[in-house]
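Trainee: coords please:
(one chain, ligands or ions: 1)
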Amino acid sequence: MLSSVEIDRFKRDGFLLLRNVFSAAEVERFIAAGKGASRTADLFTMPALEGFWSDSRLVQIAKLLLGGTVTFFGEASYLKEVFKPGEAVHGRHLHHDAKGTPGHLFSRQHEPTDEPYPIIRFAVYLQDHANFSGGLKLVPGSHQFNSANFNEDELSCYDVPSKPGDLVVFCNKILHSPYALRRKESPNTALPPKRETVMSAKDPDVFLPAPVDRDVIFVDFAGSNAFADVYIKGRAIIPTNTRNGLVQTFLKGPLIKDAEGVGANLRLDAGVVEALTKVAATVKNGAVGEAGLPYLAALPRLCRFSKSWSPHFDFVPEPRADDTIEAGVALYGKMVPRIAELLGLMKTMRRDLDMAAYDIHR
Ligand SMILES: O=C(O)CCC(=O)C(=O)O
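Mentor: Residues are numbered from 1 along each chain as shown. Below is the predicted model of the structure:
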C-alpha cells in the first residue's frame, strides 16, 4: 500500500498526498452520505459512514506510518461547508493539533519528540483543491521543529493539490491551516495564511475561487506511547469534542467487529465521556432518567475498552466484571468528580474560561 520511499517521505515532511485511493463511485457515495449533514458531524451519527474509519486502506497505511500497532479512539467526523459562489473564505490560521504532555493534559506539545509524534489524521477532501482554493495548507517538516514561536513569513508553505479520490494523511504536530488560497497567476506557489488574508481583503480576485461545497472526512489514529495516551485522554475530556454516536455504535456491535476485522485496537475514553454526559443530561433531583439508563449500563463495558497505557491523568477506573446499572452508578460516581478535577487544569491555561459550561454534574 505504501512504498518505503513514501514512508520515509512521511517521516521527513510529516504528510503524504496519496492519489486515487478512492474510486469515483466511492466519492459519490461519500458526498451523498454527507447531504443534509450539520457543519461538523460525528461519522457515528451517519449510518452510511459509521464503518469508514475501519476501511482497510486507512488502517494498513496507519500501521505502516505508526509502526505496527494502531489504535482508533473514536475520532471520525464529516466537515460540511457550503460557501456562496465567490465568497471570501475566512478562518485560515497556522496551527498544530499535538495537544497534551505528561506534564499538562491540555498544553500543546511544541517540542520535537524522540519518537515520531504518535497521532495521525486522514483527510479525504471530496472536491478539487488543485484547481480551486479552499484546500489544506501545510508547512512540510514542521512536525519536527519546536513550534512554540514561529514567524509565518519565514516558513515555506505548501498547498496540497488534492483532487476527489485522493487521500491526505498528516502528523498532528505539523503546522497546517484550512482554506488555502491559490493565486491565479502562480497557483502552485503557496503563501503564509496571514498574507493571503491581507491580499484577499484588498483584491479577492487575485485568487482562484473556493468550491461552493467543501466536504471533508477526517479519521484519526494513534500509536502507543505516553503522548498518544495523554492525547486520547485530553481529547475525550475536552467538552467541545464530546462525541455523539460512538456509544450507540458500540452498543449495536459493529465497532468491535470492525476493529477486529482490520486488527486495530480500540480506546473508548471518548465513549466513556459521551456516556457520562448523556447520563448527566437526564439527572433530575439526583435521579437518573429513563434515557440515561442504557448509557449507565454501558459504562463498565466501555471502561474495559479504555485501559490507559501511561500513568498520567487517569480518569477511568478498573471496572467490576459485571455489566449492571449498579456497576455503572459506581463508575459514574468516581469518574464525574475526577473529570471535573482534570477539566480544572484548563483553568490554569485559560483563566477566562467559563467553567459552568463544562460542568457535567448538571
Ligand atoms: O479543514 C481543513 O482543511 C483542515 C482542518 C484542520 O485544521 C484540522 O484538521 O485541524
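
Trainee: if I look at the nearest residue to P112 once chain neighbours are set aside, how far off is G344?
Mentor: Closest residue to P112 apart from its sequence neighbours, by C-beta to C-beta, 6 or more residues apart in numbering: Q144 at 5.2 Å. Backbone N, C-alpha and C define where each C-beta goes, glycine included. Plainly put, Q144 is 33 Å away from G344 if you go by C-beta to C-beta, to the nearest Å.

Trainee: A123 now?
Mentor: Counting by C-beta to C-beta, the gap from A123 to G344 is 33 Å.

Trainee: who has more neighbours, these two?
Mentor: Per other C-beta atoms under 10 Å, whichever of A123 and G344 has more neighbours is A123, with 23 against 12.

Trainee: List the contacts of whichever residue of the stretch 151-300 of the chain sits closest to the ligand.
Mentor: Nearest to the ligand, among the residues of the stretch 151-300 of the chain, is P178, at 3.3 Å (C-beta to the nearest ligand atom). P178 makes contact with G91, R92, G134, L136, K137, according to C-beta atoms under 8 Å, 6 or more residues apart in numbering.

Trainee: Please apply the same query to L138.
Mentor: G14, F15, C157, Y158, V160, F170, I174, L175, H176.

Trainee: The third one - how many residues pack around it?
Mentor: If you count neighbours by other C-beta under 10 Å, C157 ends up with 22.

Trainee: Hmm, L136 and it touching each other?
Mentor: No: using C-beta atoms under 8 Å as the test, C157 is too far from L136 to be in contact (10.5 Å).

Trainee: Name the residues contacting each of those two.
Mentor: A180.

Trainee: quick one: the helices in the stretch 51-200 of the chain?
Mentor: Taking DSSP state H, counting those that start in this stretch as the criterion, the stretch 51-200 of the chain carries its helices at 56-66, 193-202.

Trainee: Likewise for the stretch 201-350 of the chain?
Mentor: 226-237, 246-252, 254-262, 269-282, 293-304, 325-347.

Trainee: highest average neighbour count across these?
Mentor: Mean neighbours per residue, mean count of other C-beta atoms under 10 Å, is largest over the helices of the stretch 201-350 of the chain for helix 226-237, with a mean of 25.

Trainee: Tell me the bridge partners for D220.
Mentor: R121 (DSSP bridges).

Trainee: burial count for T69?
Mentor: 14.

Trainee: Give me the nearest residue to it, chain neighbours excluded.
Mentor: Setting aside the residues directly before and after it, T69 is nearest to S224 in space (C-beta to C-beta, 6+ apart), at 5.1 Å.

Trainee: my guess is the one you found meets P118, correct?
Mentor: Yes: S224 lies in contact with P118 (C-beta under 8 Å); the separation is 7.0 Å.
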